[in-house]
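Asks: predicted model, plus sequence, below.
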Amino acid sequence: MIHDIQPNIRLHSAPFHTIHPSRGLCFSLCPASDHCKSGGFPGCRRLPSRCPAASLGMTPSDDRKDAEADQHAPLLGESEQKAARAARRFRCSAGLALLFGFSFAVSGGAAVFWSARLETQATEISALAGGVVGVLLLAAAWSVVSCSVATRSGKDSSRLAASKCCGLCRCYRLRRDSDALLLGLCTFAVALLVLGLLVRPAVLEVLNRQIDRETIIDSKEAPSFAAWQANTPDVDGGQRVYYRVYVFSVANPEEVLLGTQKPQLVQTGPYVYDQIFQRLDVKWRDALDGSGRQVITFTEQTYYVPNEEESMPGADDLLDQPTQANLAVEAVRGMLEPGASTLHEAVISGIGNSSLPEDVKEGLENALNGTHGWEVLFKMILCSSPEGHYEGPVNDDPRSRSGEITPFWPRGVRDLWFGYFRDPTLEVLKTILDALAPGTPFFTYMPGIAYNYSSAEDTLARSSGTAAYTGKRKGDFLHQVSRSSINQYELYENSSSIWVCVGTSQNSIVSQNGSAVEVAPYCPHFQRTWNKSSATDAGYVQPWATDAANSVTGTDGSLFKHPIRSSRAGVYIDDIYRSGQVVYTSDKSFRGIDLRRYAIDPALLQNAEENPANAEYFQFGPTGLQNFSRILGFDGQLSKPHFLDADPRLRMMVSGLLPIRSDHDTYLDVEPYTGLAMRVAERLQLNFDFEPIHFKRVPEIEAIAVVAALDAFGLSASRCAQRPLPCCSLRTVVC
């Protein structure tokens, strides 16, 4: 019978079935044959019970565990023992694959959860890598587990064995507790990995939608509308803003005029004000670009209330009068210099139609005509202004003479900072214009660094309105929010470009009771339909050289897109009329809240030599200065306080400056999940560049005509005007 059975085994053409009865391991060994190459195993099948035993003539193994196993299976031949040992090795490999897959899946899922907290791209990449490796290993091990499940359910698993390598295992039964544990761990690992990959974006989306509801101002019913609209004391949740003013006083103005000393600056302050804002005429509309995004329009009123508690002891912004450069003097010079305006020409053309005697007309025309005629008119104004020259002795220096023309004059802090009416020097120029060029629009209001909007009527009269994207847009449920555009400007002062009012034409408004009230001069509302010529005729100028430089981009710095993880963010800084970038510098904590600190991009204040892109902002001076001349109408520069991060030579031109980054740098501390600026410090310094002026000699006959004209205009003909060669040596002065 042995000879009858052996030919039926067909060792080289059909599979050999073996089973280990004590362990319940059933394998199908498929030797290399044409059947395997074709991917099909017509002779391979799982036996329903025990497999027939036969000997293949293989040598027994010396492995101790295999020997012990063989002792428990005395009925099996060497071939069955060989198969059993192979099964155990495969069992160990599958177990290791399960364990490695489980560990990688757990680490990947945990890393994904932590990446949601840390918000770092590197953590997300490592989580993804761990998850991919875990999936691959789990897939390899799961193929074994699925075979066992199919076997227990009685399903045919022959397809599983049809792999490219002709598969060593056809059936892997898991009947022990350890096998069930591996199956459970594998299932748990897969579930954890799936949760780690899916829960994070789901949780973040829920969080972002809640933040959207709290930050997007899409209606008056929005939770944050009241705090956004105003920060007056009666508003719950309004942000309190402290506006601190420091003023430099020139301690040695006489010595500076004589050229014997450089300016000695003494800083006084702080004079603290509560900065209050109210947003008026609030409306909503669709974006002008047709994108379906929602836009909120408003006009912002900002005013300042003195805060004695936060100010330095004894501070009085009305009585404290630091000696500063008289900006009105420099403004008059800027209006009279050739090419600056038509005031000089208007005065000359009006002399002939005046009621002055003919000899005075002739002498005055001769004095004002010519290359240096504007200097004569400038001298006339300064010598007639009580704040344009010294009447008495300056000091004991023999070079100091009575009547010295000076740009330095004491002025109250409030006037310096917020402006004032009826400046004496401007009043003199207005008197001359009224006599020689009647009808020429001219105001004697001297603007300050900031403007204190006195009323809602004043605000609506001078401001053209602002529009910003709310972050909401038309669309389906999944696309109703455009977080990248939250709080981005659409229009600033009713324009997508920067326009500055310099040629004012109106100075009165109608109050609530119907009476006319004098206010600081202003231009008519800017119209989007204007071209550049129309805007110029209305009194507006663009401060920079190119359209790109004059574009309004970014937010106002109070709210950014969320979450914010970028190293840069765009802002429009209205105080300097410029769009720019703030860059991430470090992480900070404020009252237990983790924040990201952003500071002004250093490239913003580099000169054109270091940063050629700044040529369009006319930054051809030392690094650290922002040219402000086109906005002021005369030479002026913006910088960080005490020339922080500026060319060191600037500090050498004066004394009394000590830059400290913690006190003098501008920064924004932004909460990354909401994009809300929790703490902001905007610190700027305005500087004025004064150059020496040497007035030319005026012939005596022309000097007499000038004095006679001043007398006819009701102006004082002081000793200043009678000096043939007054000289004013002015150095660089910081305000």
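Replies: Yes, it's here.
Asks: other residues contacting stretch 415-425?
Replies: 245, 247, 271, 304, 317, 322, 324, 326, 328-329, 332, 381-382, 385-388, 412, 444-452, 518, 520, 735 (CB atoms under 8 Å, 6 or more residues apart in numbering). Backbone N, C-alpha and C define where each C-beta goes, glycine included.
Asks: actually stretch 348-367, sorry about that
Replies: Contacting residues not belonging to stretch 348-367 are listed as 368-369, 373, 376, 435-438, 698, 701-706, 708-709, 712 [CB under 8 Å, 6+ apart].
Asks: measure that stretch end to end?
Replies: The first and final residues of stretch 348-367 sit 10 Å from each other (CA to CA, to the nearest Å).
Asks: how many residues are close by F442?
Replies: F442: 17 surrounding residues under other CB atoms under 10 Å.
Asks: ok, back up a step: which among the contacts of stretch 415-425 end up buried?
Replies: Buried by 16 or more other CB atoms under 10 Å: 245, 247, 271, 304, 317, 322, 324, 326, 328-329, 332, 381-382, 385, 387-388, 412, 444-448, 450-452, 520, 735, out of the contacts of stretch 415-425.
Asks: which of these fall within strands?
Replies: Among the buried ones among the contacts of stretch 415-425, the members found in strands (DSSP state E) are 245, 247, 271, 304, 324, 520.
Asks: and the buried ones among the contacts of stretch 348-367, selectable in ChimeraX?
Replies: Buried subset of these, written as a ChimeraX selection, criterion 16+ other CB under 10 Å:
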select :368,373,376,435,436,437,698,702,703,704,705,706,708,709
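Asks: so which of the contacts of stretch 348-367 are in helices?
Replies: Taking DSSP state H, the ones among the contacts of stretch 348-367 that sit in helices are 368, 373, 376, 435-436, 701-706, 708-709, 712.
Asks: with just CA atoms, put the helix or strand where A467 lies into PDB.
Replies: Taking DSSP states H and E as the criterion, A467 maps to strand 466-473. Taking Å, rounded to 0.1, in the frame of the first residue of the first chain, the C-alpha atoms of strand 466-473 are listed here in PDB:
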ATOM      1  CA  THR A 466     -12.600 102.900   5.500                       C
ATOM      2  CA  ALA A 467     -13.700  99.400   4.300                       C
ATOM      3  CA  ALA A 468     -12.300  96.100   5.500                       C
ATOM      4  CA  TYR A 469     -13.100  92.400   4.800                       C
ATOM      5  CA  THR A 470     -15.000  90.800   7.600                       C
ATOM      6  CA  GLY A 471     -13.800  87.300   6.600                       C
ATOM      7  CA  LYS A 472     -17.300  86.100   5.600                       C
ATOM      8  CA  ARG A 473     -18.400  85.400   2.100                       C
END
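Asks: show me what that strand is packed against.
Replies: Applying 3 or more CB pairs under 8 Å, 6 or more residues apart in numbering; DSSP states H and E, one finds that strand 466-473 contacts strand 293-306, strand 489-491.
Asks: show me which residues of the first one are buried.
Replies: Applying a neighbour-count criterion of 16+ other CB under 10 Å, one finds 293-304, 306 buried in strand 293-306.
Asks: residue ranges in this protein under the pLDDT threshold?
Replies: 1-187, 189-200, 339-341, 371, 389-404, 475-479, 694-697, 717-735 (pLDDT under 70).
Asks: V654 contacts P263, doesn't it?
Replies: Yes - if you go by CB atoms under 8 Å, V654 and P263 touch, sitting 4.8 Å apart.
Asks: ok, G237 to T215 distance?
Replies: Separation of G237 from T215 (CB to CB, to the nearest Å): 13 Å.
Asks: compare the two (neighbour count), which wins?
Replies: Remark: of G237 and T215, T215 carries more neighbours, 21 against 10, as counted by other CB under 10 Å.
Asks: verify the stated contact: the more buried one with Y673.
Replies: No - judged on CB under 8 Å, T215 makes no contact with Y673 at a distance of 10.6 Å.
Asks: what do those two both touch?
Replies: H562.
Asks: re the thing from before, reformat the ones in helices among the contacts of stretch 348-367 as TSV; add distance to L207.
Replies: Output for the ones in helices among the contacts of stretch 348-367, formatted as TSV (distance: CB to CB, whole Å):
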residue	distance to L207
L368	71
G373	70
V376	71
A435	71
L436	70
I701	84
E702	79
A703	79
I704	82
A705	79
V706	75
A708	80
A709	75
A712	77
